[in-house]
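A.B. asks: Got a sequence here, can you build the structure:
(one chain, ligands or ions: 2)
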Amino acid sequence: MPSDEKPTLRWGIVATGLISSWFVADLIIDREDAQANHIIQAIGSSSLEKGKAFVAKHLPNVSPAPTVYGSYDEIYTDPNVDAVYIGTPHAFHKKNCLDAISHGKSILCEKTFTLNAVEAKEVFEAAKAKGVFVMEAMWTRFFPLVKTIQKLVHEDNAIGHVLRVICDFAMDQHLDSKGQESRLKNLSLGASSLLDIGIYSLTWGIIGLEQPLGDTLKEAQEKPRMLATSTLSEGVDVATSMILHYSDGRQAIATSHSGVGVRTPSNFCRIEGSEGSIVVDGGAASVPNSFVLQKRGIEDQKFEFKRPGKGLYWEADAVALDIAAGRKENGTMPWAETIRVMELLDETRRQGGVVFPQDPQ
Ligand SMILES: NC(=O)C1=CN([C@@H]2O[C@H](COP(=O)(O)OP(=O)(O)OC[C@H]3O[C@@H](n4cnc5c(N)ncnc54)[C@H](OP(=O)(O)O)[C@@H]3O)[C@@H](O)[C@H]2O)C=CC1
Ligand SMILES: O=C1OC[C@@H](O)[C@H](O)[C@H]1O
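C.D. replies: Ligands and ions are numbered 1, 2, ... in the order given. Have a look, this model is predicted:
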């Protein structure tokens with residue numbers, strides 16, 4: 001039963017793919033640390049049958065059962081839906097967001113937020129005009145593990161001056177067996193290892209090198225110089241390497257690979273400072289559970305975290321708390337930060353030769 005002290009948020013889920021299944025499964029987990037009550041009010045799908053099958057498979061015991069719609073528009077017009085979760089491929093995020101905003105719905109939209117920075121700005125301008133809450137679902141930033149690393153590195157100076165970060169996210173996405181219907185293969189759907197998984201490596205570079213934005217909104221951080229290259233297959237970047245270079249000399253190397261032949265998934269991040277390092281195994285992926293603090297002359301210290309399910313509920317809690325407080329954006333993932341990330345991705349794609357048909361000419 002919902003408790004009175006916590007805000008309650010009624011979610012409308014847009015799309016019934018992989019990430020939507022992870023999201024709803026996480027929201028119904030009973031957690032001690034829950035900061036909000038989440039109700040899955042409605043599911044919107046391109047087809048009523050798909051929507052019903054989604055509920056039968058992923059929410060069989062939820063009572064009352066969510067309303068199922070064979071369209072996204074019915075989610076936006078449902079008066080019982082407070083917030084919309086958008087789990088479509090990147091190429092549809094702009095339209096889905098604009099449609100939801102026009103009906104005054106709050107939004108949590110999957111990463112990457114849009115295909116490019118121009119689209120992201122259009123969405124935030126519409127949200128501002130309508131007075132609607134919007135946040136990019138960059139879930140990694142909401143992990144207690146990440147907040148702990150940020151405190152150790154940027155508040156406690158546990159590794160001295162931060163010098164550089166090296167991070168990688170690589171996994172074989174079996175692109176050879178996928179057709180043009182796949183969002184990982186079709187450029188008009190936003191196919192790109194950079195936008196799919198490289199964004200995590202970029203995010204870990206930012207987490208390791210930059211002061212966190214915190215709960216109070218601040219000016220956008222410095223936009224580091226970006227040096228990047230990509231390996232293309234039929235126009236899709238299957239591998240991308242980025243170097244982020246900050247004005248004071250800090251650097252990050254952030255890489256991604258989703259092509260055929262990546263036999264062992266590689267997910268790591270190492271944050272190096274003048275006095276020590278933090279090594280996150282699984283860190284460039286979205287789901288690490290531990291990290292090690294290494295300092296010269298001191299025994300390594302391992303930090304472990306419990307994470308029932310995937311861990312998508314922390315970002316959902318943040319959305320519920322923001323909306324309850326009347327905020328329109330989130331302090332950890334504010335609009336300016338989403339735009340800055342999109343601009344870094346745009347620049348990486350420009351250097352790597354990755355072009356979406358929807359990009360401005
Ligand atoms: N945070 C995370 O860890 C993850 C985030 N993501 C992000 O979530 C988004 C969706 O990814 P994922 O769930 O893997 O994608 P899927 O292909 O599994 O699902 C996408 C869903 O979007 C809907 N859709 C609408 N139009 C299309 C179309 N033309 N082609 C394909 N799907 C369409 C469909 O739902 P329906 O038919 O019901 O409308 C489909 O099931 C991406 O932006 C991705 O980056 C993905 C995985 C993990
Ligand atoms: O965000 C993601 O993380 C896990 C991957 O499987 C997925 O393709 C990607 O979108």
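A.B. asks: And the contacts of the helix or strand bottoming out on mean pLDDT in the chain?
C.D. replies: Lowest mean confidence among the helices and strands of the chain (mean pLDDT, DSSP states H and E): strand 266-273, at a mean of 92. By C-beta atoms under 8 Å, 6 or more residues apart in numbering, the residues outside strand 266-273 that reach it are 149, 153, 158-171, 201, 204, 208-209, 257, 277-285, 288. Using the backbone N, CA and C atoms, a C-beta is placed for each residue, glycine as well.
A.B. asks: Give me the next element, helix or strand, following it.
C.D. replies: For strand 266-273, the succeeding helix or strand toward the C-terminus, using DSSP states H and E, is strand 276-281.
A.B. asks: Return the helix or strand just after that next one as PDB; C-alpha atoms alone will do.
C.D. replies: Next in sequence after strand 276-281, counting helices and strands by DSSP H and E, comes strand 290-295. Only the C-alpha atoms of strand 290-295 are listed here, as PDB (Å, rounded to 0.1, in the frame of the first residue of the first chain):
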ATOM      1  CA  SER A 290      31.100  -2.400  -6.700                       C
ATOM      2  CA  PHE A 291      34.300  -0.400  -7.100                       C
ATOM      3  CA  VAL A 292      37.800  -0.500  -5.600                       C
ATOM      4  CA  LEU A 293      39.700   2.500  -4.100                       C
ATOM      5  CA  GLN A 294      43.400   2.000  -4.600                       C
ATOM      6  CA  LYS A 295      45.900   4.200  -2.800                       C
END
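A.B. asks: picking up where we left off before, so the least confident helix or strand of the chain, near ligand 1 or not?
C.D. replies: No: Strand 266-273 is not in contact with ligand 1 by C-beta under 6 Å from any ligand atom; minimum separation 12.3 Å.
A.B. asks: That strand and ligand 2, any residue contact?
C.D. replies: No: using C-beta under 6 Å from any ligand atom, strand 266-273 never reaches ligand 2; the gap is at least 9.9 Å.
A.B. asks: List the neighbouring strands of that strand plus their orientation.
C.D. replies: Partner strands and pairing direction for strand 266-273 (DSSP bridges) are strand 162-170 (antiparallel), strand 276-281 (antiparallel).
A.B. asks: closest to Ala239 out of these?
C.D. replies: Evaluated over the strands paired with strand 266-273, closeness to Ala239 peaks at strand 162-170, with 8.1 Å, by C-beta to C-beta.
A.B. asks: what does the closest one rub up against?
C.D. replies: Against strand 162-170 from outside (C-beta under 8 Å, 6+ apart): 153-154, 197-198, 200-201, 204-205, 208-209, 249-258, 262, 265-274, 283-285.
A.B. asks: With stretch 242-249 instead?
C.D. replies: 163, 198, 201-202, 205-206, 209, 222, 224-228, 251-255, 344, 348.
A.B. asks: in that stretch, what's buried?
C.D. replies: Within stretch 242-249, the residues scored as buried using 16 or more other C-beta atoms under 10 Å are 242-244, 246.
A.B. asks: Could you do stretch 92-106 as well?
C.D. replies: Buried residues in stretch 92-106 (16+ other C-beta under 10 Å): 92-94, 96-101, 103, 105-106.
A.B. asks: Keep the residues you listed, but drop any that are not near ligand 1.
C.D. replies: Answer for the buried residues of stretch 92-106 near ligand 1 (C-beta under 6 Å from any ligand atom): Phe92.
A.B. asks: Identify those among the buried residues of stretch 92-106 that sit within strands.
C.D. replies: Members of those lying in strands (criterion: DSSP state E): Ser106.
A.B. asks: Tell me the one among the buried residues of stretch 92-106 nearest to ligand 2.
C.D. replies: Ligand 2 has its nearest neighbour among the buried residues of stretch 92-106 in His93, at 12.7 Å by C-beta to the nearest ligand atom.
A.B. asks: where's that closest one relative to Phe142, distance?
C.D. replies: 19 Å (C-beta to C-beta, to the nearest Å).
A.B. asks: what's the answer for Ser193, then?
C.D. replies: 23 Å.
A.B. asks: These two: who's more crowded?
C.D. replies: Ser193 (30 against 22; other C-beta atoms under 10 Å).
A.B. asks: Emit the PyMOL select command for whichever of the contacts of strand 162-170 are buried.
C.D. replies: With 16+ other C-beta under 10 Å as the criterion, this PyMOL line picks the buried residues out of the contacts of strand 162-170:
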select buried, resi 153+154+197+198+200+201+204+205+208+209+250+251+252+253+254+255+256+257+258+262+266+267+268+269+270+271+272+273+283+284+285
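A.B. asks: Would you quantify the distance from the residue in the stretch 1-150 of the chain that ligand 1 sits nearest to to Tyr72?
C.D. replies: Using C-beta to the nearest ligand atom, the closest approach of the stretch 1-150 of the chain to ligand 1 is made by Gly17 at 1.7 Å. Applying C-beta to C-beta, the value for Gly17 to Tyr72 is 13 Å.
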